[in-house]
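> the following comprises the amino acid sequence and a computationally predicted model.
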Amino acid sequence: MSKDTAPLRIGVIGLGRMGQNHVRVLSLLAGADLRFVYDIDDRVTATVGERHGLAVPPDLDAAIADVEAVVIASPTTTHDQYVRRALPHVANLFVEKPLTDRLDTSLALARLIADRGALLQVGFIERFNPAVRQLKELLDASERVVTVDFARTNKISARITDVDVITDLMIHDIDLALHLNGPVETVAAQGLAQGSMIDYAAAYLTHRNGRFSRIQASRVTDRKKRSIEATCLDKFIDCDLLRKEITLSRQAEERQQAGGPYRIAAIEEKIEVSPGESLLAELDAFIARARGGTVAHAPGIDEAIAAMEVCERIRAAI
């Protein structure tokens, strides 16, 4: 729970599609006091600011100095510069995934954030998907999880020109694989590059606890897909992250009775998933943490670096 109920003074840097989603949600949250929005494109800043009753900040550094927290949703290659620009002024940082576009810059930035004692939350939004929360409970209660398969496909966007499919799409499921299955021992991968960017990647992770993760990410086809399938000794779980639906298939089993054994056929059932917008839950958690509260599943510095390390191993294997 949050220790302070005063609205958090907050600004948003980067007003692309995701940045504008942040602005929309923050403007609805009672715990947020949205003070400024900023984009390198002055026209976008003016349009979004007018929509939410905010004047264009004449000086970004002065605007940052007037808030307690900053959301950075600018292109990945600019995260490093904006975090460094914000750190002298604010102690609470929300940075869209990934922390930066490279492991070495992520490590350097993580050390700087830790040295300053600042709070960092990284935008691994799928952790706040109610279907993922329910899936984790099912996996934790399973007799044994053998493998968890992740698939994430999307046609390449004109907005994404600075990072490959591993850093753009796959990193979401790398973080979920670590969240659901724990630290990784070995990594194997294959992929396809069109030009200078990897647009298809398939990775096979072996975890320390003996589980496996198979992760597929593609920007080659038009179909949009976000799915997780888990094979357990006692059940199979199919989770659709877009529809927020979970289907569970329990194994067939034999039981004994007075007249002899009888067989119960495999049972398929729909698991009820609580409704809720992932981004709203994610930002609510950030505000609570900035106010001194704790949110166990909120990803911070360690999670940001762990995901980037696996990204680099996958890229090296390809």
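Noted; the coordinates are in hand.

> what is the neighbour count of Val165?
Other residues lying near Val165 total 25 when counted by other CB atoms under 10 Å. Where you see a C-beta, it was placed from the backbone N, CA and C, and this is true even at glycine.

> now swap in the one 5 residues further on and tell me
For Met170, the count of nearby residues is 31 (other CB under 10 Å).

> in which helix or strand does the nearest residue to it once chain neighbours are set aside reside?
Using CB to CB, 6 or more residues apart in numbering and skipping residues adjacent in sequence, the residue nearest Met170 is Ala217, 3.6 Å away. Using DSSP states H and E, Ala217 falls within strand 212-218.

> cool, Arg24 as well?
Assigned by DSSP H and E, Arg24 falls within helix 17-26.

> spatially central residue for this protein, please.
For the chain, Phe124 is the residue whose C-alpha lies nearest the centre (CA atoms, centre = their mean; 1.5 Å).

> give me the contact list for the longest helix along the chain.
Under DSSP state H, the helix in the chain containing the largest number of residues is helix 301-317. Helix 301-317 is contacted by residues 95, 97-100, 102-103, 106-107, 110, 113-114, 120, 122, 124, 164, 166-167, 170-171, 174-175, 177-179, 183-184, 187-191, 198, 201, 203, 205 when judged by CB atoms under 8 Å, 6 or more residues apart in numbering.

> hmm, back to that, and the residue nearest to the centre of the chain, how far from Ala177?
11 Å (CB to CB, to the nearest Å).

> what residues go with each domain of the chain?
8-123, 127-275+304-317 (automatic domain parsing).

> how about these, which one is nearest Ala298?
With CB to CB, the closest approach to Ala298 among the domains of the chain belongs to domain 8-123: 5.6 Å.

> quick one on the thing from earlier: the residue nearest to Met170 contacts Arg152, doesn't it?
Yes. Counting by CB atoms under 8 Å, Ala217 touches Arg152, with 4.9 Å between them.

> shared neighbours of the two, anything?
Shared contacts of Ala217 and Arg152 (CB under 8 Å, 6+ apart): Leu169, Met170, Asp173.

> from these, which shows the smallest pLDDT?
Across the shared contacts of Ala217 and Arg152, the bottom pLDDT score, 94, is held by Leu169.

> if we ignore the residues flanking it in sequence, what's nearest that residue?
Once flanking residues are discounted, Leu169 sits nearest to Ala217: 4.4 Å by CB to CB, 6+ apart.

> what residues are bridge-paired with the one you found?
Counting by DSSP bridges, Ala217 is bridged to Arg152, Ala201.

> could you pull up the residues touching it?
Ala151, Arg152, Thr153, Val165, Ile166, Leu169, Met170, Asp173, Tyr200, Ala201, Ala202.

> heading C-terminal from the helix holding Arg24, find the next helix or strand.
Following helix 17-26 toward the C-terminus (DSSP H and E): strand 32-38.

> just the CA trace of that next one, in CSV.
These are the backbone C-alpha positions of strand 32-38, laid out as CSV (Å, rounded to 0.1, in the frame of the first residue of the first chain):
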residue,chain,number,x,y,z
ALA,A,32,-1.5,11.3,-10.6
ASP,A,33,-1.1,15.0,-11.1
LEU,A,34,-0.1,15.3,-14.8
ARG,A,35,2.0,18.5,-15.0
PHE,A,36,3.6,18.4,-18.4
VAL,A,37,4.0,16.4,-21.7
TYR,A,38,6.9,16.7,-24.1
